[in-house]
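>>> below is the sequence, then the predicted model.
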Amino acid sequence: MLLGRFGVSVIIAAMTLTIAVDIGGTHIRAAAYEPNSTTPIAHHKTRSLADQPGVFDRLVEAVKQVWQDGQVTGIGIASPGPLDPHTGVILDTPNIPEWDNFPLAAKLTEQFGVPVHLDNDANMAGLGEWQYGAGQGHSDLVYLTISTGIGGGVISNNRLLQGYRGMGGELGHMLIDPNGPLCGCGKHGHIESFSSGPSIVRYFNEQLNAGQKSSLRSHPNLGTAQLAEAARKGDTLATSAFSRAGHYLGIAVANFLAIFDPSVLIFGGGVSQVGDLLFKPFEESLRKHVFHPHYMDDLVITKAALGDDAGLLGALALARMKSNEHA
Ligand SMILES: [Zn+2]
């Protein structure tokens, strides 16, 4: 009897690892975590080569590199969307052309024999920041990543907002002006088309071509880091490109406050690093456009804390959350 109990407890104690995977545009990362830890006991990083065949095989290989036989309870994945987190199917992500209606979760479960849960990278970064980063202790959180696009994640009343179809929280495609610039998604006037990195540069180049003066020349590889440097040296046009992006971002976030009423706003992504150039005009615009000033009381506006690990740690949080739901 004692031996029997001992045997059972050994088996239970052995099944403790969670694997998290982050599928990015350039790299696939996989890591294995012990309970209550955010420091991986194994980590593997490989090139995604997203536009070339064999992405799934590279993903399986990355998971195998951190796999521990008999010890893994589940796998969580942060993947580019659009995808359906309820069914684990990637719909038609532009980043990985060969994944068209691709049943990623089912195929991985078939391969590894454990439950697999996934959601899009921005939702996972928001979940990661909530559980382990800048949003800890908050019940209502809006996360925005501003880089080549704009992605969003929402925690509402201590739950990740996924929606009926799993397509909730697509904050980058909040419509600001139907006659606005072309968005990365093919529609017009979404907040991404005003305030993402490429949108800021596009506006700057348009103004240059229209005859506005700047210390910088129009250049196809111009980035927001160069614009920020010029703005800090007093370049009026570069400064106004960030002011405009901040102005529209304030309008979008005024909408988000009215919908989600968060206690914390978290900004991640490379463009957020420019700081006051973007965020001073943003805050002015937000105060001007918000429906009621009470939304701003005790509102924490902060930078993301997890950096490149946000998606991976969000995937870890998702897998742990789902295994508790099913326990
Ligand atoms: Zn869009």
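Thanks, I have it.
>>> show me the contacts for the closest residue in space to Arg232 that isn't next to it in sequence.
Leaving aside its chain neighbours, Arg232 sits nearest to Leu277 (7.5 Å; criterion: CB to CB, 6 or more residues apart in numbering). In short, each C-beta sits where N, CA and C put it, glycine included. Neighbour list for Leu277: 228, 231-232, 239, 242-243, 246 [criterion: CB atoms under 8 Å, 6 or more residues apart in numbering].
>>> contacts made by stretch 279-294 with the rest, please.
When contacts are defined by CB under 8 Å, 6+ apart, stretch 279-294 is touched by residues 242-251, 253-254, 257-258, 267, 296, 301.
>>> give me the buried entries from those residues.
Neighbour-count burial (16 or more other CB atoms under 10 Å) applied to the contacts of stretch 279-294 gives 242-251, 253-254, 257, 267.
>>> gap between the closest residue to Ser214 other than its chain neighbours and Gly211?
Once flanking residues are discounted, Ser214 sits nearest to Leu237: 4.2 Å by CB to CB, 6+ apart. To Gly211, Leu237 is 11 Å away according to CB to CB, to the nearest Å.
>>> equivalent analysis for Phe242, please.
Separation of Phe242 from Gly211 (CB to CB): 20 Å.
>>> got a pLDDT number for Ala245?
Per-residue confidence (pLDDT) for Ala245: 98.
>>> please apply the same query to Ala252.
At Ala252, the predicted lDDT confidence score is 98.
>>> now Gly7
If you check Gly7, the pLDDT there is 50.
>>> cool, Ala14 as well?
Ala14 carries a pLDDT value of 64.
>>> the one 10 residues further on now?
In this model, Gly24 is scored at 92, pLDDT.
>>> now Ala304
98.
>>> show me where the chain has its helices.
Along the chain, counting by DSSP state H, helices occupy 2-14, 55-66, 104-112, 121-132, 192-195, 197-209, 224-232, 236-260, 276-289, 310-326.
>>> reformat those helices as a markdown table; add distance to the ion.
Formatted as a markdown table, the helices of the chain follow (distance: least, CB to the ion, whole Å):
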| stretch | distance to the ion |
| --- | --- |
| helix 2-14 | 46 |
| helix 55-66 | 24 |
| helix 104-112 | 23 |
| helix 121-132 | 13 |
| helix 192-195 | 5 |
| helix 197-209 | 11 |
| helix 224-232 | 19 |
| helix 236-260 | 12 |
| helix 276-289 | 19 |
| helix 310-326 | 20 |
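>>> out of those helices, flag the one nearest Pro35.
helix 310-326 (8.2 Å; CB to CB).
>>> so which bits of that closest one are buried?
Across helix 310-326, burial judged by 16+ other CB under 10 Å covers 310-323.
>>> before we move on, what about stretch 267-282?
267-269, 271-272, 274, 277-279, 281-282.
>>> show me which pair in those residues is furthest apart.
Spatially, the most separated pair among these is Gly268 and Pro281, at 19.1 Å (CB to CB).
>>> report the contact partners of Leu83.
Listed by CB under 8 Å, 6+ apart, the contact partners of Leu83 are 89-91, 93, 104, 118-120, 166.
>>> please tell me how far it sits from the ion.
Going from Leu83 to the ion by CB to the ion, to the nearest Å gives 16 Å.
>>> measure the closest residue in space to that residue that isn't next to it in sequence to Gly180 for me?
Using CB to CB, 6+ apart and skipping residues adjacent in sequence, the residue nearest Leu83 is Ile90, 4.7 Å away. As for Ile90, its distance to Gly180 is 29 Å (criterion: CB to CB).
>>> quick one, which of those two is more surrounded?
Neighbours were counted for Ile90 and for Gly180 using other CB atoms under 10 Å; Ile90 has more, 24 against 17.
>>> residue contacts, that one?
Applying CB under 8 Å, 6+ apart to Ile90 gives the contacts 79-81, 83, 96, 99-102, 104.
>>> what residue ranges in this structure score low on pLDDT?
For the chain, the stretches with pLDDT under 70 are 1-14, 327.
>>> centroid residue for it?
Ala122 (2.0 Å; CA atoms, centre = their mean).
>>> what's around the closest residue to that one other than its chain neighbours, how many residues?
Once flanking residues are discounted, Ala122 sits nearest to Gly151: 2.8 Å by CB to CB, 6+ apart. When counting by other CB under 10 Å, one arrives at 28 neighbours for Gly151.
>>> Gly151 bridge partners, please.
Thr145 (DSSP bridges).
>>> please report how far it lies from Thr46.
Gly151 is 23 Å from Thr46, where distance means CB to CB.
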